[in-house]
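Undergrad: Sequence plus predicted model, see below.
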Amino acid sequence: MCGIVGYIGHENATDIILDGLRRLEYRGYDSAGLAVLNGSGVQVHRAEGKLLNLEKEVFRAAPKGEIGIGHTRWATHGGPTERNAHPHKVGQVLVIHNGIIENYDKLRKKVAKDTSRVFESDTDTEVIAHLMDHYLQQGRTAFEAFKKTLKDLEGSYAIAVLHEEDPDHLYLARCGSPLVLGVGESSHHLASDIPALLPYTREVIFIEDGDYGILSTDKVELYGEDDKAVTRPVKHISWDQSMAEKGGYRHFMLKEIFEQPEAVSQTLTGRLGKAHKEVILEGMEHLMPAKGFPFEKVYIVACGTSYHAGLVGQYLMEGMARIPVVIDNASEFRYRNPIIDKKTLVIAISQSGETADTLAAIQQAKKQGAKILSICNVIDSSIPRASDETIYTQAGPEIGVASTKAFVTQLTVLTLLALEWAGRTGQLKKADLEKAAGDLKRLPQKIKQVLDLNDEIKELAKRYTEVRSFLYFARGLHYPIALEGALKLKEISYIHAEGYSAGEMKHGPIALIDKGMPVLVLAPKEDATYEKVIGNIEEVKARGAEVIAVASRGDKAISERVEHVLYVPKAPLFLQPILEVIPLQMLAYHIADHKGTDVDQPRNLAKSVTVE
Ligand code: AGP
C-alpha cells in the first residue's frame, strides 16, 4: 500500500521526508519519490525500486527547502516504473496519492477534451494534477482549484498537494485511505501511518473521511464533506515504533485480519458500476466477446490458501454460471498431463504472483493452447506477466506469512467472476445481478460485524493451546473454508489440524474422535445441508468431541447441541465463505498467540514460495 509523507516547518524537509518514507517501508512499495519546495522553485526526484535508489538521486542533488511531500508507491494502475512514481507534476501542481481514483478514465477524457494535455504516466493519480492545473488556468486560487478537483473525484484517496509558487501551504484530503496529521512545534507533518510521525511528534490528528484542508507551519485549516470548517481532536500517541507499524496490533496478521473490510471494499471499487447494480470486470474483453462464454471449461490452478479460494470459486462458477470447472493444486497439474486446449480458460490464483508451481502450471497450460486469466495481489509480478489477463485483488501488501486479507479478496474476485459469467450464460437475470451487486456492496459492513467476535475468540482460544489435534468439517461451499481454517491453525500454531467434508467423516476420520477432541463445524442455517450437518455434529458429540460451531445469527437451537457457537451475520449463500473464514483466522491467530509461536513468520514457511 502506498505511503504518504508531507512536511511543512523550519527544518530540512528532505531529511524528514526520507526518514518518514523509511518508517513506512513495512507497508510495501515498488517505487518512491519526493518533491521539496523553496522560494526559488521545486525539486522532484523519483526512482524505481527500493528507497535506496531514491536516496542516491537525492544525495546527488541535495534539494533544500522547508516544505515537501514524499511517496512510496504500491503499483495499482500502471507498472512500478519511474514515470509512474509519484509525485506527478503538471504545471505548478505536484500530487501524491494513495488509493484508487475510480473515474480516472472519464476525468482524463474530460481534461484532454478541454485542453491539449499530454499524460505522462499510466496512473490514475496523474489526472488529479491535471484537473487542479486545469482549474488554476480558469483563474481560481490554488485552494479553490484543489477543492473543485476533489469534487470531481470518485473512489478512495489520501492526497497531499504542493503548489510550486506557494511554499507556505500544503494541501491535503482524505476519502477512504488513511491519513494522519502530526502537530509539531511550528511545523506540521502528514503521513499514511503513525510510525512516520513518531520521531517528530506524538500529538496527532486523525483526518476523517471527507475532510480536506490546508497546512501552514503554525495553522491547520480543516473542512468537512459539507465544506464547513471542522476541528478534529488532537490525540497523544504512546506506542513505540514497532507497535505503530502494526497499527497498535500485536502482530501483522491480526492487523491484516482487521484490514479485511477495507481490503474487500477496495477490491470492489470500480467493479460494481456507479449505482452498485452490475458487475464490471475490466479486461474481460481481451478474453471473450461482449456476450456469451466462449470456453468449454475452466481449469483453476493454485497452491495453499489460494487453492482453497479456487475451490470456493469452483462451487460458485458451477453453481451460479453452470460452467464446468476443474481445479488442481498447481504442483499436481504440471505433472498430470492435463486435458486442456484452446477451448479451456485457465485461472491461476496467487497472492504473491511469484509461486513457482503456479507459474510452471501457466507455462504448461499455454503450451497446450489455453488462455490464462490470473487473480493476483502484486502488480506486474511474474504470474500476471505470464498471463493473458489479470484481475488484481486490492488487498494491499500482506506481511504476515499466513494469508488472510489476500484470501478474502481472492474470494471477492472469484465471486465477481461467477456473477459476471452467470450474466453471460443467462443463469442470472438482470434483477438477480442487481441484487447480488447490492449484497456485495454491503459485504464490508458485515465483515466488520464478524470482527466484533475477536474478544470472545481470544478467550475461547485459551482452551486449545495444549491440544494435539483439531478437526474442521463442513459441506458444500463451506467445505473449502474448513480446509482453510485447518491450514491457518497448522501454519501458525503447529497444532495438527485437518479439514474434511462432513459427509466423509464416517468414512475414516471419525476414528480419531475421542473425549475432548476439538471439532470446528461450519453450520450455516441457510444452507440446504444444514440438517445433515447437525446429524454429523451429533455423531462426533456421541463420541466425546468438543464442538465449536460457526452458525448463522439467530440460530438459537444450535447452541444447545454444541459447546460454543460463533455467530456470523446472515448473508446470501454465495457470500458466506467470506464471513465464515474470519472467525477461523482469529481462532488460529489467538491459539498461536497464547502458545507464543512466531505468528508472523512461522517456522519453515516463506511468504512467497519461488522454488518447486
Ligand atoms: C497461506 O497462508 C500460505 N502461506 C500458503 O499456503 C500460500 O497460500 C501458498 O504458498 C500460495 O501462495 P501464493 O498465493 O502467493 O501463490
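TA: Noted; the coordinates are in hand. Numbering: from 1, shown residues only.
Undergrad: how close does whatever residue of the stretch 401-550 of the chain ends up closest to the ligand sit to residue 598?
TA: As assessed by Cβ to the nearest ligand atom, the ligand sits closest to residue 403 within the stretch 401-550 of the chain, at 3.7 Å. To be clear about C-beta, it is placed using only N, CA and C from the backbone, and glycine gets the same treatment. Residue 403 sits 16 Å away from residue 598, going by Cβ to Cβ, to the nearest Å.
Undergrad: Same drill for these two, tell me which one is more crowded.
TA: residue 403 (27 against 12; other Cβ atoms under 10 Å).
Undergrad: I'd assumed that one was in a helix, is it?
TA: No: using DSSP: H, G, I helix; E, B strand; the rest coil, the secondary structure at residue 403 is coil, not a helix.
Undergrad: Nearest spatial neighbour of the closest residue to the ligand within the stretch 301-450 of the chain, chain-adjacent residues omitted?
TA: For the stretch 301-450 of the chain, the residue closest to the ligand is residue 304, as judged by Cβ to the nearest ligand atom, at 1.9 Å. Among residues not flanking residue 304 along the chain, residue 487 sits closest, at 6.8 Å (Cβ to Cβ, 6 or more residues apart in numbering).
Undergrad: ok, how many other residues are close to that neighbour?
TA: 23.
Undergrad: Show the contacting residues for the spatially closest residue to the residue of the stretch 401-550 of the chain closest to the ligand that is not a sequence neighbour.
TA: Spatial nearest neighbour of residue 403, chain neighbours left out: residue 305 (4.3 Å); criterion: Cβ to Cβ, 6+ apart. Counting by Cβ atoms under 8 Å, 6 or more residues apart in numbering, residue 305 makes contact with 351, 402-403, 406-407, 484, 487.
Undergrad: what is the mean pLDDT for stretch 58-69?
TA: Stretch 58-69 shows a mean pLDDT of 88.
Undergrad: How about stretch 439-451?
TA: Computed over stretch 439-451, the average pLDDT equals 97.
Undergrad: Can the helix or strand where residue 576 lies be said to contact the ligand?
TA: Assigned by DSSP states H and E, residue 576 belongs to helix 576-595. No: on the criterion Cβ under 6 Å from any ligand atom, helix 576-595 is out of touch with the ligand, staying 9.7 Å away.
Undergrad: other SSEs contacting that helix?
TA: When contacts are defined as 3 or more Cβ pairs under 8 Å, 6 or more residues apart in numbering; DSSP states H and E, helix 576-595 packs onto helix 252-258, helix 405-424, helix 430-451, helix 454-461, helix 479-493, strand 518-523, strand 546-552, strand 564-568.
Undergrad: Arrange these in JSON lines, one row each, with distance to the ligand as further columns.
TA: Below are the helices and strands packed on helix 576-595 laid out as JSON lines (distance: least, Cβ to the nearest ligand atom, whole Å):
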{"stretch": "helix 252-258", "distance to the ligand": "10"}
{"stretch": "helix 405-424", "distance to the ligand": "7"}
{"stretch": "helix 430-451", "distance to the ligand": "18"}
{"stretch": "helix 454-461", "distance to the ligand": "18"}
{"stretch": "helix 479-493", "distance to the ligand": "6"}
{"stretch": "strand 518-523", "distance to the ligand": "17"}
{"stretch": "strand 546-552", "distance to the ligand": "19"}
{"stretch": "strand 564-568", "distance to the ligand": "21"}
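Undergrad: List the contacts of residue 420.
TA: Contacts for residue 420 (Cβ under 8 Å, 6+ apart) come out as 279, 281, 284.
Undergrad: Let me have those residues in CSV, extended by pLDDT, neighbour count and secondary structure.
TA: Shown next, in CSV, are the contacts of residue 420 (pLDDT from 0 to 100; neighbours: other Cβ atoms under 10 Å; DSSP: H, G, I helix; E, B strand; the rest coil):
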residue, pLDDT, neighbour count, secondary structure
279, 93, 24, coil
281, 92, 18, coil
284, 89, 18, helix
